[in-house]
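*Asks:* Sequence and predicted structure are below.
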Amino acid sequence: VRSNAAEALVNIGSDKAVEPLILALKDSNNSVRSNAAEALVNIGSDKAVEPLILALKDSDNYVRGKAAEALGKIGSDKAVEPLIIALKNSNYDVYSDAEKALVNIGSDRTVEAFIILALNDSNNFVRGRAAGALGKIGSDKAVEPLIIALMDSNSFVRWKAAEALGKIGSDKAVEPLILTLMDSYSDVRRYAAEALGKIASDKALEPLTLALKDSYYSVCINVAEALGIIGRKEAVEPLIIALKSLDYNLRQSSAEALGKIGSDKAVEPLILALKDTNVSVRENVVWALRGIGNDKAVEALITALKDTNVFVCENAVSALRGIGNDKVVESLITALNKDSHNSVRENAAQALGRIGNDKAVESLITALNKDSHNSVRENAAQALGRIGNDKAVESLITALNNDSHNSVRWNAARALGQIGNDKAVESLITALNNDSHNSVRENAVWALRGIGNDKAVESLITPQNKDSDNYVRGKAAEALGKIGSDKAVEPLILALKDSDYDVCGSAAKALVNIGSDKAVESFILALKDSNYYVRGNAAKALGQIAEADRNLPTLTQQLPHLLTLIPTKSSQQALSVITTIQARCKYYNYDIAQTPLQEAEDCAKSLDNKVDEIHKFIKNMPDAPKYDLRGASIDKLIDTVNGGYHEYKFAPEQKQNLADAAKEIQDLLDQLAKTYPSATEAEAKDIVKATFEEIKTNHPDKWKILWTQILNPERWLNGGKAALSETAKHYAENSLILKAGIAFFDGFSAEEE
């Protein structure tokens, strides 16, 4: 229990939990202590510093590690020296967490402690970890001590010092690191070369060039990478020699470095390296030739399209895409038409689309119509849309109508929209009305929006109101707004009451874009709607119309009507519209400004006064438990035919009892919803909580009914609560009170009685 309580506090993270968790750090059970330490990680309170320092000596590794992590999050300098001592721990997780904590603290005190204590520690491992941590902190104060550490008697300390100096990047370290290139240990030399590459000083060029002859290939690889970063032409000749190394990793790194330097001198050796037996080397050679990009390099890349390895071919296609001259286009067309690998053909189609040359259209049409692989056809459709040539329209229409893969069809639809030819409208309309896949219909909407003629408008009106997919309806509404035809106004007005709030919002935005007087009138009517979201969308839309100085004459004529809405539940929305109109018309009406708002008045009343109205209902609830649901078991949730009501299967004699008990609470929530029609989400939660607290305190017998028959999940396996929750969800769409009630019941646990 104690362990679970501590674990629960991990996610809660409240300051109120700090004192109990500090006490729990001394618990006899290690799981309690470890969960307490983990919870303190999340809270990060200064009060916990001293207890967590003591926990660094805990007998349990996990507790010590979490204590270190928590100290790092808190960031107190008091923890620095104890954490440095924790670096000596033999457990990897503990010393790793201690190192991370010290890096997180990262203060001058931490750096000084590392330099004074850790870098002089008798333990080789502590010195090495300290050097690594100083590199992560990145303080210039650490440069001199780390240079001294390059001469440490232990090789681990030396290579961690070299690595750290590379991360800090100070020029002061260049000369010492050059000397370290001659260290007796290969790992030290390797990290010294890497560090010199990161600092990228020209002073290191000659020593690194000599180091390419190191007897260890691992060192040579890092040297080649460093020379590529420095990027000087003087390194080209040594790197060309390294291209012939017996070690394929060095050949690979040398090719990459030559590509970064970009010298024409490297082209011929790289062309020869395209015949390397190792695939990874040939891949890097392709990218190197792309980096150089002269005519010879391009010819070599075209040759690489015929490589026996598919990955090399793919890289060659990608490399040629960035060059895009006529020769490249011809070679990519050949690859699209003839390569045996579908991934190469796919990449070729994509590359031709990016290049955008009309010469590729015929071959892309052939690929769209005849290629056996759907990913190739899909990319061919994309490419044709990018190029935008009208010659592709017929083939794209055929693909939209007949291709068996929805990814090809929706790419064809999108491509037709990019081309924008009126010939595509009929097929796009057919796809919009009949295609079984919603992504195809979505892209048909997008395409018709781009074409935007009268037929397109008419075709978008039906799915905007009737498509089964919310996203399609929303996109259709959005498209109609972009086209801006008055024909769409009436259907969009209907869509203001769509079952999906996002669709309502899209319809409102579309009507704002069109700017019709009819739309203004519909928004005024919508301000009286019972649904808060409909009212909110209408108010926002009217405000946007007013701010844009559109339809102001129509809007100003509605001011008397808007004024009548002030005492109603629509007061906030009406006032926001009135204020916007006044601001645009530059006049001020004192009577309007002083009219009290219905919602503000309701919200100002105390809950104590309002709860009297609830008492009348509570008094009618029975004073003793009357429903026996013991032994109830949940088999499965069933959708019944009565409009979406959900029920759980129980023993026959218990079903009616459960339904009646749930109905009493449902009725109470309905009463609350009527009493507080304008409550905000936060207010709704407070109202529900206060109401049930009032029942619990002043009507314990009634609370017992709620608890034993509905809310207690331990006894009833959540049966009553789940039935109530599922019932309420059906009716809660338009009531924040009901939603708050669902959240209230769903939040109960077996220990809340």
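*Replies:* Thanks, I have the structure now.
*Asks:* for Ile230, what are its contacts?
*Replies:* Shown in contact with Ile230 (CB atoms under 8 Å, 6 or more residues apart in numbering): 197, 200-202, 204-205, 208. C-beta: built from backbone N, CA, C; applies to glycine.
*Asks:* Filter those down to the ones in strands?
*Replies:* Among the contacts of Ile230, no member is found in strands (DSSP state E).
*Asks:* Now go through those residues and say which are in helices.
*Replies:* Within the contacts of Ile230, residues falling in helices by DSSP state H are 197, 205, 208.
*Asks:* distance of Ala98 from Ala48?
*Replies:* Separation of Ala98 from Ala48 (CB to CB, to the nearest Å): 16 Å.
*Asks:* more neighbours, those two?
*Replies:* Per other CB atoms under 10 Å, whichever of Ala98 and Ala48 has more neighbours is Ala98, with 29 against 26.
*Asks:* Work out for me the element the more buried one sits within.
*Replies:* Ala98 is part of helix 92-105 when elements are defined by DSSP states H and E.
*Asks:* Same list, the ones in helices among the contacts of Ile230, but as a markdown table with neighbour count and pLDDT please.
*Replies:* Converted to a markdown table, the ones in helices among the contacts of Ile230 look like this (neighbours: other CB atoms under 10 Å; pLDDT from 0 to 100):
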| residue | neighbour count | pLDDT |
| --- | --- | --- |
| Gly197 | 22 | 94 |
| Leu205 | 18 | 94 |
| Leu208 | 24 | 96 |
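*Asks:* Out of those residues, which is nearest to Ser427?
*Replies:* Gly197 (57.1 Å; CB to CB).
*Asks:* separation between the closest one and Leu205?
*Replies:* Gly197 sits 11 Å away from Leu205, going by CB to CB.
*Asks:* okay, and the common contacts of the two?
*Replies:* 227, 230.
*Asks:* starting at the chain centroid, how far to the helix or strand harbouring Asn443?
*Replies:* Using DSSP H and E, the element containing Asn443 is helix 438-451. The chain centroid and the centroid of helix 438-451 are separated by 26 Å under CA atoms, centre = their mean, to the nearest Å.
*Asks:* Contacts for that helix next, please.
*Replies:* Contacts of helix 438-451 with the rest of the structure, by CB under 8 Å, 6+ apart, involve 400, 406, 409-411, 413-414, 416-418, 420-422, 424-425, 428-429, 431-432, 435, 456, 459-460, 463, 467, 469, 471-472, 475-476, 478-480, 482-483.
*Asks:* Just the buried ones from those?
*Replies:* 400, 406, 409-411, 413-414, 416-418, 421, 424-425, 428-429, 431-432, 435, 456, 459-460, 463, 467, 469, 471-472, 475-476, 478-480, 483 (16 or more other CB atoms under 10 Å).
*Asks:* Show me those residues that map onto helices.
*Replies:* Using DSSP H, the members of these that fall within helices are 400, 406, 409-411, 413-414, 416-418, 425, 428-429, 431-432, 456, 459-460, 463, 471-472, 475-476, 478-480, 483.
*Asks:* how far away is Asn35 from Pro20?
*Replies:* 12 Å.
*Asks:* isn't Lys141 right next to Phe114, touching?
*Replies:* No - the criterion here is CB atoms under 8 Å, and Lys141 misses it with Phe114 at 9.7 Å.
*Asks:* the more surrounded of those two?
*Replies:* Neighbours per residue (other CB under 10 Å) separate Lys141 from Phe114, with Phe114 holding more: 30 against 14.
*Asks:* In contact with the residue nearest to that one when sequence neighbours are not counted, which residues?
*Replies:* Spatial nearest neighbour of Phe114, excluding adjacent residues (CB to CB, 6 or more residues apart in numbering): Ala130 at 4.8 Å. Taking CB under 8 Å, 6+ apart, we find Ala130 in contact with 84, 87, 114, 118-119, 121.
*Asks:* Also Leu562?
*Replies:* 524, 527, 574, 577-578.
*Asks:* Compare those and tell me which is most surrounded.
*Replies:* Ala574 (30 neighbours).
*Asks:* Could you confirm it falls within a helix?
*Replies:* Yes - counting by DSSP: H, G, I helix; E, B strand; the rest coil, Ala574 is found in a helix.
*Asks:* For Val534, see how far away it is.
*Replies:* In terms of CB to CB, Ala574 sits 14 Å off from Val534.
*Asks:* Run through the neighbouring helices and strands of the helix holding Ala98.
*Replies:* Packed against helix 92-105 by the contact rule (3 or more CB pairs under 8 Å, 6 or more residues apart in numbering; DSSP states H and E) you find helix 61-74, helix 80-86, helix 124-137.
*Asks:* Check what contacts that helix and list those residues.
*Replies:* With CB under 8 Å, 6+ apart, helix 92-105 has contacts from 56, 61-62, 64-66, 68-69, 71-73, 75-77, 79-80, 83-84, 86-89, 110, 114, 125, 129, 132-133, 136-137.
*Asks:* Name the residues of that helix that come out as buried.
*Replies:* 94-105.
*Asks:* I'd like the average pLDDT over the next helix or strand after that helix.
*Replies:* Later in the chain than helix 92-105, the nearest helix or strand by DSSP H and E is helix 108-113. Averaging pLDDT along helix 108-113 gives 85.
*Asks:* I'd like to know which elements helix 108-113 is packed against.
*Replies:* Counting contacts by 3+ CB pairs under 8 Å, 6+ apart, helix 108-113 packs against helix 80-86, helix 124-137.
*Asks:* Just confirm Lys88 contacts Asn124, I think it does.
*Replies:* No - if you go by CB under 8 Å, Lys88 and Asn124 don't touch, sitting 10.9 Å apart.
*Asks:* what would the buried residues of helix 92-105 look like in TSV with distance to Ala380 and pLDDT?
*Replies:* Below are these laid out as TSV (distance: CB to CB, whole Å; pLDDT from 0 to 100):
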residue	distance to Ala380	pLDDT
Val94	57	82
Tyr95	56	79
Ser96	51	84
Asp97	53	86
Ala98	57	84
Glu99	53	84
Lys100	50	87
Ala101	55	88
Leu102	56	86
Val103	51	88
Asn104	52	86
Ile105	57	87
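*Asks:* Show me the contact partners of whichever strand or helix holds Leu525.
*Replies:* For Leu525, the enclosing helix or strand under DSSP H and E is helix 517-526. Helix 517-526 has contacts (CB under 8 Å, 6+ apart) with 489-490, 492-493, 496, 508, 511-512, 534-535, 537-538, 541-542, 545, 551, 554-555, 558, 561-562.
*Asks:* Please indicate which of the residues you listed are buried?
*Replies:* 489, 492-493, 496, 508, 511-512, 534-535, 537-538, 541-542, 545, 551, 554-555, 558, 562.
*Asks:* Looking at those, which are in helices?
*Replies:* Using DSSP H, 489, 492-493, 508, 511-512, 534-535, 537-538, 541-542, 545, 554-555, 562 are the members of the buried ones among the contacts of helix 517-526 that sit in helices.
*Asks:* which ones are touching the nearest residue to Asp247 once chain neighbours are set aside?
*Replies:* Spatial nearest neighbour of Asp247, excluding adjacent residues (CB to CB, 6+ apart): Tyr217 at 4.0 Å. By CB under 8 Å, 6+ apart, the contact list for Tyr217 reads 245, 247, 249-250.
*Asks:* Please render the contacts of Ile230 as CSV that adds distance to Ala149 to the earlier fields.
*Replies:* Shown next, in CSV, are the contacts of Ile230 (distance: CB to CB, whole Å):
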residue, distance to Ala149
Gly197, 20
Ala200, 22
Ser201, 20
Asp202, 25
Ala204, 19
Leu205, 25
Leu208, 22
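*Asks:* Can you pick out the most distant pair from those?
*Replies:* Of all pairs in the contacts of Ile230, the most separated under CB to CB is Gly197 and Asp202 at 12.4 Å.
*Asks:* out of the buried residues of helix 92-105, who's nearest Gln671?
*Replies:* Asn104 (53.3 Å).
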